[in-house]
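In: the sequence and its predicted three-dimensional model are supplied below.
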Amino acid sequence: MGWLILALMGAVTFLYGLSVHAELLCLLVKPLPVLALLGWLHDAPPSDYRRWISLGLLFSLLGDVLLAWPGDLFVFGLGAFLIAHLAYLKAYVSDCRQLALLPLLLAIGVGAVLLGILISHGLGPLLIPVIVYGLAISAMLWRALARLGSDVPKRSALSAASGAVAFVFSDSVIGISRFVVAFEAAPYLIILSYWLGQWGIAASAFTQKPRRTAVSKEPDRLFAQPLPQVPDFAFNEDVVRVFPDMIKRSVPGYPTIVENLGVLAAQFAQRGSVLYDLGSSLGAVTQALRRHVRTDGCRVIAVDNSAAMVERCREYLNGQNSMFQELLPVEVIEGDILALQFQPASVVALNFTLQFIAPDQRLTLLSRIRQSLLPGGALILSEKLRFVDAEEHALLTDLHIAFKRANGYSELEIAQKRSAIENVMKPDSLEEHRERLLAAGFSKVVPWFQCLNFASLIALP
Ligand code: GEK
């Protein structure tokens with residue numbers, strides 16, 4: 001609160017100085033509001049976002065001083081504000097990457113109209129600096145507006161977007177009053193909208209969602225009580241809360257498979273290529289890829305069609321991002337892997353996901369994955385298995401039940417989970433997998449892990 005009062009006092013004093021043409025007073029107090037916003041920002045929760053906004057404010061402060069300094073330092077002031085806009089832009093893309101076509105068109109429209117007006121009035125030697133600046137501020141506006149339609153908390157998106165709009169307005173008035181027509185109210189309009197803009201942008205760092213960075217340790221008790229009717233299993237919010245516990249206690253060998261998936265991927269990853277984690281759930285495989293793959297220029301695309309999974313996965317990965325700078329970049333997409341447009345990839349992981357895809361769609365999906373794989377790449381496919389031999393099937397099913405029992409699941413939990421999942425998850429045999437992979441165009445299928453009725457295969461293009 002103290003910081004905001006300081007900002008307000010600085011602003012009022014500056015406006016008074018402006019009205020009585022007290023230039024020295026103006027020069028002295030002009031930086032105060034932005035300086036106070038910087039101090040205020042220090043109280044916001046620490047994040048990448050806050051860091052970039054602070055940097056933007058710092059360069060704005062420099063710009064304030066350069067523009068107010070006696071002598072024409074306009075280009076230098078412009079340069080400082082250009083860096084400020086790039087820092088804001090970086091903050092906005094740190095929590096929202098979606099393209100956002102409408103905001104893009106809007107920002108292009110606003111930028112084009114304003115630059116058009118200014119250029120038509122002759123900018124002289126300032127032509128190039130003003131165009132570069134115009135592009136930067138339009139990009140900043142685009143990314144601020146893009147956050148409005150994303151999963152960023154509404155209050156943060158709204159304050160950043162209104163801040164950006166006010167900033168663009170302020171700069172437009174500067175341009176018009178300097179190059180088109182000077183008018184008396186301009187200095188007041190410019191400075192008031194500028195401060196409002198900076199305030200909105202700074203405030204957006206306070207309303208960011210608190211990030212959950214620690215993986216949930218909630219125990220899986222979803223099927224512990226008798227249910228009158230067991231519904232089909234779904235990857236909803238309830239499952240997401242207990243998922244790490246559920247998968248570890250239900251899938252024999254899961255931690256070994258996930259960790260080694262990273263080790264295997266490191267052998268196949270190629271410079272500058274994409275690594276896919278399909279059916280990524282909470283991003284366990286993505287995190288293993290990040291731990292092990294050191295090949296230059298690789299990036300991970302994680303895809304899942306459960307909104308609840310994707311939201312939590314993003315939170316975990318964002319937490320990692322702010323702790324370790326050198327990690328592979330990850331894009332988490334909420335979507336159906338059957339509808340995905342694959343990019344050329346060196347590694348594709350389907351870790352216990354294919355079994356949830358309708359059987360008649362599996363060959364098409366694998367063929368599309370095969371077509372996207374670069375020579376020398378690999379698909380790593382982990383699945384629960386069924387067995388053609390009835391005795392073998394019964395034995396391994398019993399042993400799997402023993403595994404679950406040993407991990408603390410009751411008979412009721414085992415039975416109810418089984419009936420919940422039987423319509424949703426359809427395992428194939430090892431032979432079916434091999435034949436289908438070969439039919440999809442893979443040349444070699446190499447099983448590298450099996451624990452009871454769970455296995456993982458490497459399929460080579
Ligand atoms: C792990 N790989 O922790 N499109 C996208 N995602 C899908 C689709 C689809 N069509 N169908 C199912 N999923 C993870 C574990 S879990 C396996 C994978 C399990 C997603 C679904 O939402 C879920 O998150 C994941 O595939 C399967 O290594 O729970 O047994």
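Out: Thanks, I have it. Numbers count the residues shown, from 1 in each chain.

In: now the stretch 101-250 of the chain against the ligand: closest residue?
Out: Ranked by C-beta to the nearest ligand atom, the top residue of the stretch 101-250 of the chain for proximity to the ligand is F235, at 3.7 Å. Heads up, the C-betas are built off the backbone N, CA and C, glycines and all.

In: next, that residue: secondary structure please.
Out: Secondary structure, DSSP: H, G, I helix; E, B strand; the rest coil: F235 is coil.

In: and what of L99?
Out: coil.

In: ok, back up a step: who are the neighbours in contact with the closest residue to the residue of the stretch 101-250 of the chain closest to the ligand other than its chain neighbours?
Out: Here the nearest residue to F235 in space, its sequence neighbours aside, is S306; by C-beta to C-beta, 6 or more residues apart in numbering that works out to 3.8 Å. By C-beta atoms under 8 Å, 6 or more residues apart in numbering, the contact list for S306 reads F235, N236, V240, S281, E334.

In: most widely separated two among those residues?
Out: Spatial extent of the contacts of S306 (C-beta to C-beta) is set by the pair N236 and E334 at 13.9 Å.

In: related to what we said a few turns ago, and the buried ones among the contacts of S306, selectable in ChimeraX?
Out: The ChimeraX command for the buried members of those (criterion: 16 or more other C-beta atoms under 10 Å) is given here:
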select :235,240,281,334
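
In: need the contacts of S306 in JSON lines (columns: pLDDT).
Out: Listed next are the contacts of S306 as JSON lines, based on pLDDT from 0 to 100:
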{"residue": "F235", "pLDDT": "95"}
{"residue": "N236", "pLDDT": "93"}
{"residue": "V240", "pLDDT": "93"}
{"residue": "S281", "pLDDT": "97"}
{"residue": "E334", "pLDDT": "94"}
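
In: would JSON lines of the contacts of S306 with distance to A269 be doable?
Out: Putting the contacts of S306 into JSON lines (distance: C-beta to C-beta, whole Å) gives the following:
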{"residue": "F235", "distance to A269": "28"}
{"residue": "N236", "distance to A269": "33"}
{"residue": "V240", "distance to A269": "29"}
{"residue": "S281", "distance to A269": "21"}
{"residue": "E334", "distance to A269": "25"}
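
In: what is the nearest of the contacts of S306 to L86?
Out: Once C-beta to C-beta is applied, the member of the contacts of S306 that ends up nearest L86 is E334, at 28.6 Å.

In: ok, now which ones touch that closest one?
Out: V303, D304, N305, S306, A307, V310.

In: ok, the second one touching S281?
Out: Yes - at 6.1 Å, D304 counts as touching S281 under the criterion of C-beta atoms under 8 Å.

In: overlap of the contact sets of these two?
Out: Joint contacts of D304 and S281 (C-beta under 8 Å, 6+ apart) are F235, C313.

In: do the top strand by length along the chain and the ligand meet at all?
Out: Counting by DSSP state E, the longest strand found in the chain is strand 373-384. No - using C-beta under 6 Å from any ligand atom, strand 373-384 stays clear of the ligand, with a minimum separation of 7.5 Å.

In: got the contact list for the next helix or strand after that strand?
Out: Per DSSP states H and E, strand 373-384 leads on to helix 390-406 as the next helix or strand towards the C-terminus. For helix 390-406, contacts defined as C-beta under 8 Å, 6+ apart pick out R249, S250, P252, L385, R386, F387, E411, E413, I414, L452, N453.

In: what sits closest to the first one if chain neighbours are left out?
Out: Right, the one you point to is R249. N407 (3.9 Å).

In: ok, that neighbour to L37 distance?
Out: Distance, N407 to L37, by C-beta to C-beta, to the nearest Å: 53 Å.

In: Q267: neighbouring residues, count only.
Out: Q267 has 13 neighbours, counted by other C-beta atoms under 10 Å.

In: thinking again about what came up before, who's in contact with the residue of the stretch 101-250 of the chain closest to the ligand?
Out: Applying C-beta under 8 Å, 6+ apart to F235 gives the contacts S281, D304, S306, A308, M309.
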